[in-house]
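Engineer: turn this into a model:
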Amino acid sequence: MQHIYIICIGKLKEHYLTSAVLECTKRLSPYCKLIIKELPAEKLPLNPSLAEINTALKKEGDALLSAIPPLAYTFVLCVEGRQISSEAFSETLSSLYLTGKSCAAFIIGSSYGLDTSVKKRGDFLLSLSKMTFPHQLFRVMLLEQIYRAYQINKGGKYHK
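Structural biologist: Numbering: from 1, shown residues only. Below is the predicted model of the structure:
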């Protein structure tokens, strides 16, 4: 069974998002072992300077890098990442498992993004859209796409 890690900065605060994550987790349970690691966001002032943001991103980046399992194929979610179709994403996840990589990690940074060191560690820089979404909603969107990928691979009816 494939192990999927979602390693992210910050905790979900809204009840409806927590419920959505629980539902996605339940739906994914037949296909993979899902592990969500929430790491604390660095505290920043209301209007942080660029230097303060960069310092926070570096600290968060170090924490993210240390949370990635050693042999995990790592997807880094970032705006400059590559956009692919749900079908191509499904093929990518499936091919990882078939080539002996049973562990995949998905990295989600803070609302300020990610330190360059995290992007360099990534095996695949991935963007779900050129649009901007609420940071906490993004986790639900990613989980839905992972579930969709498994459904596509299985030939399920979920993906139309």
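Engineer: all helices of this structure, in order?
Structural biologist: Using DSSP state H, the helices of the chain run over residues 15-28, 50-67, 86-98, 116-121, 135-154.
Engineer: reformat the ones you listed as a markdown table; add distance to A104.
Structural biologist: All C-beta atoms are positioned from the backbone trio N, CA, C, and that covers glycine. Shown next, in a markdown table, are the helices of the chain (distance: least, Cβ to Cβ, whole Å):
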| stretch | distance to A104 |
| --- | --- |
| helix 15-28 | 12 |
| helix 50-67 | 14 |
| helix 86-98 | 6 |
| helix 116-121 | 14 |
| helix 135-154 | 9 |
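Engineer: show me the contacts for the residue nearest to G61 when sequence neighbours are not counted.
Structural biologist: Take G61 and drop its neighbours on the chain: the residue closest to it by Cβ to Cβ, 6 or more residues apart in numbering is D115, 3.0 Å away. The contact partners of D115, by Cβ atoms under 8 Å, 6 or more residues apart in numbering, come to 54, 57-58, 60-62, 64, 109.
Engineer: who wins for neighbours among those residues?
Structural biologist: L64 (27 neighbours; other Cβ atoms under 10 Å).
Engineer: need the longest strand for this structure.
Structural biologist: Longest strand in the chain by number of residues (criterion: DSSP state E): strand 73-82.
Engineer: and the residue nearest the centre of the protein?
Structural biologist: F106 (3.4 Å; Cα atoms, centre = their mean).
Engineer: picking that back up, which two from the contacts of D115 end up farthest apart in space?
Structural biologist: N54 and L64 (15.1 Å; Cβ to Cβ).
Engineer: on that earlier part again, I'd guessed the residue nearest to the centre of the chain sits against F75; true?
Structural biologist: Yes: contact status for F106 versus F75: in contact at 4.8 Å, counting by Cβ atoms under 8 Å.
Engineer: any common contacting residues for those two?
Structural biologist: By Cβ under 8 Å, 6+ apart, the residues touching both F106 and F75 are L126.
Engineer: neighbours of A20, how many?
Structural biologist: 18.
Engineer: how about it: what's its closest non-neighbour residue?
Structural biologist: Nearest non-adjacent residue to A20, counting by Cβ to Cβ, 6+ apart: V140, 4.5 Å away.
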